[in-house]
Every structure is written in structure tokens, then in C-alpha cells.
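Undergrad: what's the 3D shape of this:
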Amino acid sequence: MNRKNHVYRSLTRVNQFWGCDRELAMMLLLVCVAIAVLCADLTAALIALSCLCLGFVGLRSMARTDPLFRQVYLRALRYRRVYRAAATLDCPLNEPLYAPRKFSSADVCALPTTEPSGAAGAGQA
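TA: Purely as a prediction, here's the structure:
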């Protein structure tokens, strides 16, 4: 009854293209080819080629650090309102993630105002 379950690499491997995140690499390639073709100039082609090389170097170093960097960053942007960097007292516990929270200047600047105990009764005597 010693049965082994195989986990295939193709099911767990991150989608990469030339060592970069696949979607970012394809977008970079598309933009650089569009610049080179639409400008139809040798200098534009050299600029597009240099941007392509530098972009792939940056994307490869980013993918080496964290292959899921783009997905993690997009999720952090989506949850930024819920998981704030600083602790607050008005934590939105039961609000849906997609509903924007409405603030007014009265909510932000509303501080409890209390009059000193001696000043309230001094004018009525």
C-alpha cells in the first residue's frame, strides 16, 4: 500500500517567457516592436532594441527575486484599503472589498470638543 503520487512540474511551474513574467514580457515586446515599426526609423529601432534589452534585464532580475511578483503586487493594491500600513480605530470589518469607502471632511476633522468646567457657568452668573 505504499503508493506514490507524482506532482508534475508542468502543473506547478510559474508561467515565464525568457525567464520573465510571461505577461509583462509579452507587453514589453509588443510595445518595443510597435515603437520600432510605427516610427520606421533606424534610431527608433535602436532605442526600441535598447529598451527591450534593458527591460528584459529588469524583468529577469525581478522574476529571479520573486516569480509571482506581479500577482502579489496586484493583490496588495487590491487589499490596500483593508490592510492599512498603520493601525486605525475605524477598521472596516463588514464592508465588501469592492465598495469604495466615502469620507467627508467632517469625519476626518471631527474632534470631540469639551468646554472647560469653569468657563461654562461663568457667563450666567
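Undergrad: please report phi then psi for Phe17.
TA: phi -130, psi 110 (degrees, to the nearest 10).
Undergrad: from what I see, it and Met26 are in contact.
TA: Yes. Using Cβ atoms under 8 Å, Phe17 is in contact with Met26, at 6.5 Å. C-betas here are computed from N, CA, C, even on glycine.
Undergrad: the more surrounded of those two?
TA: Phe17 (16 against 12; other Cβ atoms under 10 Å).
Undergrad: burial count for the closest residue in space to the more buried one that isn't next to it in sequence?
TA: Closest residue to Phe17 apart from its sequence neighbours, by Cβ to Cβ, 6 or more residues apart in numbering: Ala25 at 4.4 Å. Look at Ala25: counted by other Cβ under 10 Å, it has 20 neighbours.
Undergrad: going forward, begin numbering at 4 instead of 1
TA: Okay, using 4 as the starting number, the last item reads as Ala28.
Undergrad: compute the number of surrounding residues for Thr46.
TA: Neighbours of Thr46 (other Cβ under 10 Å): 8.
Undergrad: perfect, that will be all.
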